[in-house]
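In: from the sequence below, what's the structure:
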Amino acid sequence: MFESLGEKLESVFRRLRGHGKLTEKNIEEALREVRLALLEADVNFKVVKDFIDRVKGQALGQEVLMSLTPEQQFIKIVHTELVALLGGERTELDLAAAPPVVLMLVGLNGSGKTTTSGKLARYLKTELKRSPYLVPADTYRPAAIDQLQIIAKDIGVPVHPTPQDGSAGDPVAIAKAGVDAARRQACDVVIIDTAGRLQIDDELMSELERMRTVVNPHQVLLVADAMTGQEAVNVATGFHARIALDGVVLTKVEGDARGGAALSLRSVTGKPILFVGVGEKLDALEAFYPDRAASRILGMGDMLSLIEKAEKVYDQKQAEALEKKLRKNQFTLEDFQGQLRMLKQMGSMTDLVAMLPGGKKLMQGADMNAAEKEFKRIEAIISSMTREERQKPEILNGGRRRRIATGSGTSVAEVNRFLKQYLDAKKMMRKFTQLGMKGKLGKLF
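Out: Below you'll find the model as predicted:
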């Protein structure tokens, strides 16, 4: 989402490196470029003005002007202000109420409320160990009820039996009945999926006001499409004026969004971004961390998120077992294949490299699609081996290598090159263990 903005800011900082010392003149020039970059990212113009004023006030201080590393000082100021703009510290979803805690999801048509309802239910069940109950209260969109029921079945959570034959009735009554049913079934969180509507549609907004009064939700969450840019701010302002929002879930951030919505929403509405939808799958919902987002915008990476992704597919026991194998020089191609599969579960190479400090620079001039293809080729080569060959690569003679090349659709030269890379990687990883990396190797890998 922030890729274009990050590239523009990087070019600004790159120009500052050419100056041995910061002056009021080159700070003004840099801020002018930062202002243009933010406006092009569709950030609200009032938000941009306030942001630039705060950065300028700090950048013109003597500490920065006299610094031996003015560029780093300037980046530090921009980073601090970006974190503040995005909300400061991470805001957790507030579930501190007598069960069932009621969450009401609202937003425009097509913003992704129904899918987000399912993602949120899955997150509550798997990450927070809660017992969610889904309530389909969208009686206007064809198949909305059916869609939520299918999602509920996929993630294994109960769903309210709202009729699908057109006799569903009043959405407010459905929501109330859903909360009562959740209480009887001892579910501790209720997620109400409401129909999409424009914030200027008085009749439908009045329906939401009635629902809020009758159901008394603990939190009302706006599901906002990041692709709408600055318009998301107008939507949030309109909904907040009528039904008092408590937080935002930003969807479709994996698309070609410019980042303006995320950078504007908190400042204009005063409401935190709680989650971001990063894909279409039901597990593609992530908690939003302002400091991590700011670091990624400025090319500083996001190691904490990378480690969290690794921990979801890689536990401590596996890390310790891997370390023991490396210490004893027993790391096999079968182990290597397992690492590749875990890496695929963490996401695309582009996303993972972007989380590394300096990752954007690493990707400049690099063909990430070619890297993805190379991983697939390596996996095909390993899969074409017998189990014995994967566990004892030293037995791979010329005949075996020809068979593997034929089975994987590669050449013998490619098989030979991969085996050399494997041996080199094995030596390198063993050196890490010899250098006292105990306890850290699993996360590093």
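
In: break down this protein into its strands, ranges please.
Out: For the chain, strands defined by DSSP state E occupy the ranges 101-106, 132-137, 189-194, 219-225, 247-251, 273-277, 285-287.

In: what bits of the chain have low per-residue confidence?
Out: 1-4, 17-22, 61-71, 165-168, 254-259, 299-319, 326, 347-351, 353-368, 429-445 (pLDDT under 70).

In: how does it divide into domains?
Out: 3-85, 101-298, 305-444 (automatic domain parsing).

In: export those domains to JSON lines and tack on distance to residue 92 and mean neighbour count?
Out: Yep, even glycine has a C-beta here, placed from its N, CA and C like the rest. Output for those, formatted as JSON lines (distance: least, C-beta to C-beta, whole Å; neighbours: other C-beta atoms under 10 Å):
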{"stretch": "domain 3-85", "distance to residue 92": "17", "mean neighbour count": "16"}
{"stretch": "domain 101-298", "distance to residue 92": "8", "mean neighbour count": "20"}
{"stretch": "domain 305-444", "distance to residue 92": "15", "mean neighbour count": "15"}
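
In: correct me, but residue 393 touches residue 331?
Out: No. Using C-beta atoms under 8 Å, residue 393 makes no contact with residue 331, being 10.3 Å away.

In: picking that back up, identify whichever of the domains of the chain lies nearest to residue 93.
Out: Distance to residue 93, taken as C-beta to C-beta, is lowest for domain 101-298 among the domains of the chain, at 5.5 Å.

In: gap between the two ends of the closest one?
Out: Start and end residues of domain 101-298 are separated by 38 Å (C-alpha to C-alpha, to the nearest Å).

In: contacting residues for residue 223?
Out: Shown in contact with residue 223 (C-beta atoms under 8 Å, 6 or more residues apart in numbering): 105-107, 111-113, 116, 248-249, 251.

In: next, the contact list for the residue nearest to residue 122 when sequence neighbours are not counted, please.
Out: Excluding the flanking residues, the one nearest residue 122 by C-beta to C-beta, 6 or more residues apart in numbering is residue 155, at 4.4 Å. By C-beta under 8 Å, 6+ apart, the contact list for residue 155 reads 118, 121-122, 125, 282.

In: from residue 378, how far off is residue 155?
Out: Applying C-beta to C-beta, to the nearest Å, the value for residue 155 to residue 378 is 33 Å.

In: and for residue 266?
Out: Counting by C-beta to C-beta, the gap from residue 266 to residue 378 is 43 Å.

In: and for residue 385?
Out: Distance from residue 385 to residue 378, by C-beta to C-beta: 12 Å.

In: measure the closest residue to residue 159 other than its chain neighbours to residue 56 for me?
Out: Nearest residue to residue 159, sequence neighbours excluded (C-beta to C-beta, 6+ apart): residue 152, at 3.7 Å. Separation of residue 152 from residue 56 (C-beta to C-beta): 51 Å.

In: again with residue 151
Out: 48 Å.

In: helices along the stretch 151-300 of the chain, start to end?
Out: 171-184, 202-215, 231-243, 260-269, 290-297 (DSSP state H, counting those that start in this stretch).

In: can you lay out the ones you listed as CSV showing distance to residue 195?
Out: As requested, the helices of the stretch 151-300 of the chain are exported to CSV (distance: least, C-beta to C-beta, whole Å):
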stretch, distance to residue 195
helix 171-184, 7
helix 202-215, 7
helix 231-243, 13
helix 260-269, 22
helix 290-297, 30
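
In: check contacts around residue 400.
Out: Applying C-beta under 8 Å, 6+ apart to residue 400 gives the contacts residue 389.

In: change it to 10 Å
Out: Residue 400 is in contact with 385-386, 389, 393, 415, counting by C-beta atoms under 10 Å, 6 or more residues apart in numbering.

In: please apply the same query to residue 423.
Out: The contact partners of residue 423, by C-beta under 10 Å, 6+ apart, come to 393-394.

In: how near is it to residue 219?
Out: Distance from residue 423 to residue 219, by C-beta to C-beta: 54 Å.

In: select, out of the helices of the stretch 151-300 of the chain, the one closest to residue 44.
Out: helix 260-269 (4.0 Å).

In: quick one, the closest one and strand 273-277 angle?
Out: Here the directions of helix 260-269 and strand 273-277 differ by 160 degrees (axes from the mean of the first three to the mean of the last three C-alpha atoms, to 10 degrees).

In: got the CA coordinates for helix 260-269 in CSV?
Out: C-alpha atoms of helix 260-269 as CSV (Å, rounded to 0.1, in the frame of the first residue of the first chain):
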residue,chain,number,x,y,z
GLY,A,260,-3.8,8.2,1.9
ALA,A,261,-6.6,6.6,3.8
ALA,A,262,-4.4,5.1,6.5
LEU,A,263,-2.4,8.4,6.9
SER,A,264,-5.6,10.5,7.2
LEU,A,265,-8.2,8.5,9.1
ARG,A,266,-6.7,8.6,12.6
SER,A,267,-5.9,12.3,12.4
VAL,A,268,-9.3,13.4,11.0
THR,A,269,-11.6,11.1,12.9
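
In: pull up the overlap in contacts between residue 385 and residue 378.
Out: Jointly contacting residue 385 and residue 378 under the rule C-beta under 10 Å, 6+ apart are 333, 337, 408, 415.

In: which residues does the first one contact?
Out: To tie it back to what came earlier, the one meant is residue 333. 378, 381-382, 385, 387, 389-393, 396, 418-419, 422, 426.

In: now swap in the second one and tell me
Out: Residue 337 sits next to 378-379, 381-383, 385, 390 when contact means C-beta under 10 Å, 6+ apart.

In: same check, this time on residue 190
Out: Here residue 190 is in contact with 99-104, 121, 132-135, 160, 175, 178-183, 215, 217-218 (C-beta under 10 Å, 6+ apart).

In: as a quick check, tell me the outermost residue of the protein.
Out: Residue farthest from the centre of the chain, counting by C-alpha atoms, centre = their mean, is residue 399 at 46.1 Å.
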